[in-house]
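Engineer: Kindly return the folded structure for what I paste below:
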Amino acid sequence: MAKSKTKVRKRAQASRWAWLAQEGSRLSAIFARPRNQDEAEIFSAAYRRGATELARVRAFSPDRRQVEYLEQAVATAHFAAHRASAPRPKTVLRGLVFGMPDLIRRYAKYHLLALAITLGAAAIGMLAVLHEPSTYYLFVDAELAGGRNPSASKEFLEESLRSGRGDSSDEHAVFSAFLFQHNTRIAMLCFAVGIFLGLPTIYLLIVNGLMLGAFIGLYARVGLEVELLAWLLPHGVPEIGAIILCGGAGIALGHGLLNPTGLRERAADAAMTVIACVPLLLIAAFIEGFFRQSEASTGARYALFALLLVALAVWIFLVRGQWRTNAWAGLKAHTT
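Structural biologist: Below is the predicted model of the structure:
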């Protein structure tokens, strides 16, 4: 009789645990919510009871598989019970507009270091190519160059700046999507490898800067530097800006590993910087995919560059407001 009661009790426990694991998994989905208040209270009670039973099972049960199963069920239910609700679009927008500039200013020394590394490497690459054209091949892959090398004529290089003009809007859209994917991968990589004390991030910034400088030096040799910069600068403001911000975030993360105090907060800030750079990369891909390939004049291109540069500077240095702290804190709570 006692054995029969024990079996019934174990079956009831197994049924409760299976239900807890199933409901916890269902409610862990991004947009899943309890259907009503009663369902939420039942799940909460089951989670608390499961956590209590887990302590008892850990202490007395010889069945390790049973312990692991209940641990997984309780962990899944814990995530479902305590996860933050999905952020509202208004919260995301306010966080990006008012919170991101404050975060950039807080880690300004790392972003300035990333900028200095990129500009310094670009200057070295440009001067090297101007002094000795054969060094171009040290910085730029021949396949990536697409025939734009020191042996190319001025006419060919000038024509390369017009390539893509006259393409259909569908072709521009495909190209824009490709560029967004490519630039995002580079920016994310600059951040991700920061975990190795920031050294690979610095290396990537140097390589990127050397390649940029080599291209400028190549066109400057034949007197096309003005046309090249008009071709590069409009999309370069958001694109290079995003890469520098991600690079600064990676360096900040790597530096934080040398002083673990506050590392968790720094890692969260670095991750948020990368997420907030996505709109910049979208803008860069749109400009690069559509405007760069357009028939816009050199003056119009420099005007767009100046407008974007001023807008970026105003956003970073001047944007403040009552939503800055609360919106950014709310956004971080939802995404980290």
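Engineer: Next one: T6, what pLDDT does it get?
Structural biologist: What the model reports as pLDDT for T6 is 59.
Engineer: which residues touch V237?
Structural biologist: Counting by CB atoms under 8 Å, 6 or more residues apart in numbering, V237 touches A284, F305, L308, L309, L312. C-beta coordinates here come from the backbone N, C-alpha and C atoms, glycine included.
Engineer: Quick check: buried residues in the strand or helix carrying A306?
Structural biologist: Assigned by DSSP states H and E, A306 belongs to helix 298-318. If you call a residue buried by 16 or more other CB atoms under 10 Å, then helix 298-318 has these buried ones: R301, L304, F305, L308, L309, I316.
Engineer: any idea which of those is closest to N259?
Structural biologist: The closest of the buried residues of helix 298-318 to N259 turns out to be I316 (CB to CB; 25.8 Å).
Engineer: Correct me if wrong: the closest one contacts D102.
Structural biologist: No. I316 sits out of contact with D102 when judged by CB atoms under 8 Å, with a separation of 9.6 Å.
Engineer: In PDB, please show the C-alpha coordinates belonging to stretch 228-246.
Structural biologist: Output of stretch 228-246 as PDB, limited to C-alpha atoms (Å, rounded to 0.1, in the frame of the first residue of the first chain):
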ATOM      1  CA  LEU A 228      37.600  60.200 -54.600                       C
ATOM      2  CA  LEU A 229      36.800  62.000 -51.400                       C
ATOM      3  CA  ALA A 230      33.500  63.200 -52.800                       C
ATOM      4  CA  TRP A 231      32.800  59.500 -53.600                       C
ATOM      5  CA  LEU A 232      33.800  58.300 -50.200                       C
ATOM      6  CA  LEU A 233      33.000  60.900 -47.600                       C
ATOM      7  CA  PRO A 234      29.100  61.000 -47.600                       C
ATOM      8  CA  HIS A 235      28.700  57.400 -46.700                       C
ATOM      9  CA  GLY A 236      32.000  57.500 -44.800                       C
ATOM     10  CA  VAL A 237      30.600  59.600 -42.000                       C
ATOM     11  CA  PRO A 238      28.000  57.000 -40.700                       C
ATOM     12  CA  GLU A 239      30.000  54.000 -41.900                       C
ATOM     13  CA  ILE A 240      33.400  54.800 -40.500                       C
ATOM     14  CA  GLY A 241      31.700  56.500 -37.500                       C
ATOM     15  CA  ALA A 242      30.000  53.200 -36.700                       C
ATOM     16  CA  ILE A 243      33.200  51.200 -37.100                       C
ATOM     17  CA  ILE A 244      35.100  53.600 -34.900                       C
ATOM     18  CA  LEU A 245      32.400  53.500 -32.200                       C
ATOM     19  CA  CYS A 246      32.400  49.700 -32.300                       C
END
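Engineer: How far does it sit from its chain's centre?
Structural biologist: Here the centre of stretch 228-246 is set off from its chain's centre by 16 Å, with CA atoms, centre = their mean, to the nearest Å.
Engineer: Kindly report the same for stretch 299-313.
Structural biologist: Offset of stretch 299-313 from its chain centre (CA atoms, centre = their mean): 24 Å.
Engineer: which other residues reach it?
Structural biologist: With CB under 8 Å, 6+ apart as the test, stretch 299-313 has contacts from A230, W231, L233, P234, G236, V237, P238, G241, I287, F291, A296.
Engineer: quick check: mean pLDDT across that stretch?
Structural biologist: 92.
Engineer: Then stretch 122-135?
Structural biologist: pLDDT averaged over stretch 122-135 gives 94.
Engineer: Counting neighbours, what do you get for I251?
Structural biologist: Using other CB atoms under 10 Å, I251 has 27 other residues around it.
Engineer: Perfect, that will be all.
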